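Chemist: got a sequence here, can you model it:
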Amino acid sequence: MSPMESRPDDLVPPAMHKPAIQCAAAEDASLLRSPTVSSEEFMQFKRKATTIVEEYFSTDDVAATANELRELRVPCYHYYFVKKLVSVAMDRHDREKEMAAVLLSSLYGDVIDRPQVYKGFGKLAESCDDLSVDTPDAVDILAVFVARAIIDDILPPAFLAKQLPCLPEGCKGAEVLHRAEKSYLSVPHHGEIILQRWGGSKSITVEEAKAKIADILEEYLAAGDIGEACRCIRGLKISFFHHDIVKRALTLAMERGGGAEGHILDLLKSASDEGIINESQITKGFNRLIDSVDDLTLDVPNARRLLKSMILKASSEGWLCASSLKPLGPEPKKAVVEDDAAVRQFKAKTLSIIKEYFLTGDIIEVMSSLEAENYACSSSYNAIFVKKLITSAMDRKSREKEMASVLLSSLGMPPEDVVSGFHLLIESAEDAALDNPAIVEDLTMFFARSVVDEVIAPSNLEKMEEEAGRGKPGGSSTGLLALRNARALLGAKLSAERILRCWGGGATGKAGWELDDVKDKIGRLLQEYDCGGDIREACQCIKELGMPFFHHEVVKKALVAIMEKRGKDERLWGLLVECYGRGLITPNQMTKGFERVAGCVDDLALDVPDAGKQFCCYVERAKKGGWLDASFPNGVRS
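Modeler: Numbers count the residues shown, from 1 in each chain. All right, here's what the predicted structure looks like:
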């Protein structure tokens, strides 16, 4: 049974012990010293979290709870929500315990990230002695929650072993972890036992639910029996997912046209009047369609007009509150007109800027020139620049391709502008293939490299492929093939290193460097500085590497060197302070560097026994300095 299939009544996208009080105090203090969130806001979050939990147990509305939690905009405190939800459920009936487990599974990944879930359960284990005062069987209940979280894949099994050293010997929290492992996770058929503990034995996956919804709507349009359709909707028992029924029904009405719209609106009105679909779910369904209507226009050109009409009819009939909907907004702007004089002038100057950059390698000059030409920071102009940069590079050698990728990662353009530029490339790929037989390979590497360099997110690439697939049903277009190849390449083992050196590296006009050469250069410059070198010279050497997307290697090597010296000499820490202060090492690269150290602490501990403890201290210092987000885990990542 897969993790998604095993989740009940839920729709989910698939030695020396350190005192617990001391651990908790240190973590809370670090959060309260966050540069972006004050302690007063934390207290306000606690109050709102309590209200959200109480409302959820009253309404059983997962989607509404997710939106309310997301709207608070303080993800670094989500661990408290996890703790509050479970601690309140522990005092209630099995229904609320099952609801709490379902909610955590639904929020995981989309709303609450893994470190916050991990930390929330850590806090629960630490406070089990207090919880036991009001809940005598708190140890057993919390053990089931921990086991359930592991079964639902929102908590790693390693949590049990890694959390234990943070708890005092003999405390109830330690007993919780032992019981979760011995009494629940180690017994035969433990998955079924844990999932049925609070009555949640019936499960339905996202795919199954969507298929059932589609079948209900199709049968309704064929037979026209509103009563039967409403009975089937009620029988699904997924009240928190009714917004998907609304969205799918409205979409179907648009796609079918003719009398389908009237039949669908009649069904939704009846479902509303009978209380089968509540007002909140209807509003959410309409809002989801509003969010995606521009994509729908690719298949239904008049989708916006049809949606406006249905909103008007539903609100006039009284089963939709139009004022609670998101604004539909104006028609999306048309693509830049190719023969517009200003556009033609910008394109000409863009080509001049790119040509000069390939000669000089001066990124600062490109930024200055681009700002002068695109002073309004137009998204359309940024997209044109991205297209021209990559198109020009594809006509040249590996050196220029590497330079183009480095420039793209240095400009700091909004990801959506870069994605728009990639769309322009995809649209023109078929014609460009006539002159460049290797265009698929080139585009593949540019797309993959942009993800490795954090210019765009993997989800951007996935969405681009989805949109390209809709444009070319056969999936044979040059751009679509490049996107698929890029995603496959990114999924391969050690793909990042191969992608980084695909064009040789070192894009400042020097000959291409192998990744091992770059690592060696970084190691030598850090060693030279640590032996008494000048900090300005060290910063200049790091800058001259011309690989800002690889500065996480500087962070990793510096941290490892400091830890190997047991913190007796922290000149290299001073270098990191200077690099961060100058903007030479970005927050993204700093975070990636710390993550890489977290991944190798166990190996480092073979030579430096206290490596884990040292790393925790440096993480705390990095958070105080604003280098790392408060949600970065204090210990070694599981």
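Chemist: run through the stretch 351-500 of the chain and note the low-pLDDT ranges.
Modeler: 375-377, 470-476, 494 (pLDDT under 70).
Chemist: tell me the domain ranges of the protein?
Modeler: Annotated domains of the chain cover 39-196, 206-324, 341-500, 515-625 [the TED database].
Chemist: next one: V440 relative to L103, how far apart?
Modeler: Counting by Cβ to Cβ, to the nearest Å, the gap between V440 and L103 amounts to 45 Å. Placement of C-beta: from N, CA and C, glycine included.
Chemist: looking at these two, which one has more neighbours?
Modeler: When V440 is set against L103 and neighbours are counted by other Cβ atoms under 10 Å, the residue ahead is L103, at 28 against 18.
Chemist: what comes up buried for the host helix or strand of that one?
Modeler: In this structure, L103 is located in helix 94-107 according to DSSP states H and E. Within helix 94-107, the residues that qualify as buried by neighbour count (16 or more other Cβ atoms under 10 Å) are 96-107.
Chemist: what is the mean pLDDT for it?
Modeler: Averaged across helix 94-107, pLDDT comes to 90.
Chemist: distance from the chain centre to it, please.
Modeler: Its chain's average C-alpha position is 22 Å from that of helix 94-107, according to Cα atoms, centre = their mean, to the nearest Å.
Chemist: ditto for stretch 85-95
Modeler: 29 Å.
Chemist: now the end-to-end length of that stretch.
Modeler: The straight-line separation of the ends of stretch 85-95 (Cα to Cα, to the nearest Å) is 13 Å.
Chemist: show residues contacting it.
Modeler: By Cβ atoms under 8 Å, 6 or more residues apart in numbering, the surrounding residues in contact with stretch 85-95 are 50, 53-54, 56-57, 96-97, 99-100, 103-104, 120-121, 124, 127, 131, 134-135, 138, 141-142, 145, 197-199.
Chemist: quick one, which of those are buried?
Modeler: With neighbours counted by 16+ other Cβ under 10 Å, the contacts of stretch 85-95 contain buried members at 53, 56-57, 96-97, 99-100, 103-104, 120-121, 124, 127, 131, 135, 138, 141-142, 145, 197-198.
Chemist: in strands, which of those appear?
Modeler: Counting by DSSP state E, the buried ones among the contacts of stretch 85-95 place none of their members in strands.
Chemist: now, those that are in helices?
Modeler: Under the assignment DSSP state H, the buried ones among the contacts of stretch 85-95 contribute 53, 56-57, 96-97, 99-100, 103-104, 120-121, 124, 131, 138, 141-142, 145 to helices.
Chemist: burial check on G262, number of neighbours?
Modeler: Neighbours around G262, by other Cβ under 10 Å: 11.
Chemist: for it, give me the pLDDT.
Modeler: pLDDT for G262: 91.
Chemist: now swap in the one 10 residues further on and tell me
Modeler: Here, the pLDDT recorded for S272 equals 91.
Chemist: burial count for it?
Modeler: 20.
Chemist: cool, and S495?
Modeler: The burial count for S495: 15, using other Cβ under 10 Å.
Chemist: ok, now S368?
Modeler: Around S368 there are 12 other residues, counting by other Cβ under 10 Å.
Chemist: which of the residues in stretch 47-66 are buried?
Modeler: For stretch 47-66, the neighbour count (16+ other Cβ under 10 Å) marks 48-49, 52-53, 56-57, 60-66 as buried.
Chemist: Q527: which of these is nearest?
Modeler: Among those, A49 lies closest to Q527 (Cβ to Cβ), at 48.6 Å.
Chemist: my guess is that closest one contacts V82, does it?
Modeler: No. Using Cβ atoms under 8 Å as the test, A49 is too far from V82 to be in contact (9.6 Å).
Chemist: as CSV, the domains of the chain with distance to P633 would be great.
Modeler: As requested, those are exported to CSV (distance: least, Cβ to Cβ, whole Å):
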stretch, distance to P633
domain 39-196, 5
domain 206-324, 29
domain 341-500, 20
domain 515-625, 8
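Chemist: can you give me the strands for the stretch 301-450 of the chain?
Modeler: Listed in chain order, the strands of the stretch 301-450 of the chain (DSSP state E, counting those that start in this stretch) amount to none at all.
Chemist: leaving out the residues flanking it, which one is nearest to E181?
Modeler: Here the nearest residue to E181 in space, its sequence neighbours aside, is L160; by Cβ to Cβ, 6 or more residues apart in numbering that works out to 5.3 Å.
Chemist: the helix or strand hosting that neighbour: how far from the chain's middle?
Modeler: L160 belongs to helix 159-163 when elements are defined using DSSP H and E. With Cα atoms, centre = their mean as the basis, the distance from the averaged C-alpha position of helix 159-163 to the chain average is 25 Å.
Chemist: which helices and strands does that helix pack with?
Modeler: Where contact means 3 or more Cβ pairs under 8 Å, 6 or more residues apart in numbering; DSSP states H and E, helix 159-163 is packed against helix 114-126, helix 138-151.
Chemist: helix or strand right after that helix?
Modeler: Next helix or strand after helix 159-163 toward the C-terminus (DSSP H and E): helix 172-179.
Chemist: just want the angle from that following helix to helix 138-151.
Modeler: An angle of 50 degrees separates the directions of helix 172-179 and helix 138-151 when computed by axes from the mean of the first three to the mean of the last three Cα atoms, to 10 degrees.
Chemist: begin at 18 from here
Modeler: Right, with 18 as the first residue, what we last looked at is helix 189-196.
Chemist: now what about helix 189-196, what contacts it?
Modeler: For helix 189-196, with Cβ under 8 Å, 6+ apart as the criterion, the contacting residues are 37, 141-146, 149, 155-157, 159-160, 163, 177, 180-181, 184-185.
Chemist: please apply the same query to stretch 497-508.
Modeler: Contacts of stretch 497-508 with the rest of the structure, by Cβ under 8 Å, 6+ apart, involve 443, 446, 456-457, 460-462, 464-465, 468-469, 475, 478-479, 481-482, 485-486, 488-489, 492, 512, 515-516.
Chemist: how about 6 Å then?
Modeler: Stretch 497-508 is touched from outside by 457, 460-461, 464-465, 468, 478, 481-482, 485, 489, 512, with contacts defined as Cβ atoms under 6 Å, 6 or more residues apart in numbering.
Chemist: pull out the buried positions in that stretch.
Modeler: Using 16+ other Cβ under 10 Å as the test for burial, stretch 497-508 gives 497-504, 506-507.
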